[in-house]
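Engineer: coordinates for the following, if possible.
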Amino acid sequence: RTVDERRFGQTQTKYKEWAVDRLQDYHTTTVTYTGDNNVTYNKTCEPNLSDISVQSIEPVYLPEVRQTTEILEYSYPYEYYAAGPSRVTLEDGIHRCVHCETSGVDETYTYCPNCGAIACDTHIKTERLEGEPVCTGCAVTERFALKRKYFYDEENLGAFRKEYAEMPLHEKAMENKLLAGGSVVATLLLVVGLLVIGGII
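Structural biologist: Residues are numbered from 1 along each chain as shown. This is a model prediction of the structure:
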C-alpha cells in the first residue's frame, strides 16, 4: 500500500480567486426573450466579480483511496473519496460486468470461480458437471439434446460426454426439458388424433 500526501499548492488568495471563478461560472446563465419588436434575443447573464465575496477558506483533508482487487485473470479497480463515514465513488470496477456495459449497484452480478470474472445474469450460466456458476467468456460449450451446455474446461466436457453416452434415452431427453416437454405434448396429440380418426373416441 502506498500513501501519497499532496499539500495545498496555492496561497489563500489564489484559492479565493479560484472559488470566485467557479461561483461566477456556476451562476452564469443564458436566457432567451422576445422584445416588443417581436425579435428573439439571447442574453448571457453573468455576475460581476465584485458581486461575489469569499469570506474565509478552511483547508479540509479529503483522502482519495484507490485500490485494485486481483482475482485470477481479472483486476478490479475501486476509487473513492473518503469523508468520514461517507464516500463518493469515482470508479467502481466491482459492480460492472466484464463482458458487457452492465454496471451499477442495483444490478445483480455473479463471480465465476473458473476465471475470476464478475458478470451479469446474461453472461453467467450453470456449469453442467459441477452445478456452479461459469461465465460465458471462459466456458467450453457443446450441445446435448439440442441445448447448449457450459463447462469449466475440456476435461469436464469430456467427463460429461461419457456420462451422457451412458444415459438412458429418457434421461438424455431431459437435458433439454423444453424439447422433452414439447415432444410429450406432440405425442399425446398424435395419439388422441389417431384415436379420433379410428373412431375409438
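Engineer: and whichever strand or helix holds residue 77, what other elements does it pack with?
Structural biologist: Element membership of residue 77 [criterion: DSSP states H and E] is strand 74-83. Counting contacts by 3 or more CB pairs under 8 Å, 6 or more residues apart in numbering; DSSP states H and E, strand 74-83 packs against strand 64-71, strand 86-92. Bear in mind the C-beta positions are built from the backbone N, C-alpha and C, glycine included.
Engineer: quick one: distance of the longest one to the chain centre.
Structural biologist: Distance of strand 64-71 from its chain centroid, counting by CA atoms, centre = their mean, to the nearest Å, is 18 Å.
Engineer: quick one: that strand to strand 86-92, angle?
Structural biologist: 50 degrees (axes from the mean of the first three to the mean of the last three CA atoms, to 10 degrees).
Engineer: buried set for strand 64-71?
Structural biologist: Across strand 64-71, burial judged by 16 or more other CB atoms under 10 Å covers no residue at all.
Engineer: just to revisit the earlier point, by how many degrees do the strand holding residue 77 and strand 86-92 diverge?
Structural biologist: Between strand 74-83 and strand 86-92, the angle comes out at 150 degrees (the same axes, to 10 degrees).
Engineer: for strand 74-83, which outside residues touch it?
Structural biologist: By CB atoms under 8 Å, 6 or more residues apart in numbering, the surrounding residues in contact with strand 74-83 are 62-70, 87-94, 98, 115-118.
Engineer: for residue 8, which residues are in contact?
Structural biologist: Residue 8 makes contact with 15, 59, according to CB under 8 Å, 6+ apart.
Engineer: and with 6 Å instead?
Structural biologist: Contacts of residue 8 were listed using CB atoms under 6 Å, 6 or more residues apart in numbering, and they are residue 59.
Engineer: over to residue 46?
Structural biologist: Taking CB under 6 Å, 6+ apart, one finds residue 28 in contact with residue 46.
Engineer: run the last query once more with 10 Å
Structural biologist: By CB atoms under 10 Å, 6 or more residues apart in numbering, residue 46 lies in contact with 24-25, 27-30.
Engineer: out of the helices and strands packed on strand 74-83, nearest to residue 40?
Structural biologist: Each of the helices and strands packed on strand 74-83 has some distance to residue 40 by CB to CB; the shortest is strand 86-92, at 40.8 Å.
Engineer: now for that closest one, which elements pack on it?
Structural biologist: Other elements packing on strand 86-92 under the criterion 3 or more CB pairs under 10 Å, 6 or more residues apart in numbering; DSSP states H and E are strand 64-71, strand 74-83.
Engineer: ranges for the helices of the protein?
Structural biologist: Counting by DSSP state H, the chain has these helices, from start to end: 12-27, 154-165, 169-173, 177-197.
Engineer: now do the second one: everything it contacts.
Structural biologist: Taking contacts as CB under 10 Å, 6+ apart, the residues outside helix 154-165 that touch it are 114, 127-130, 134, 139-142, 144-145, 149-151, 153, 171-172, 175.
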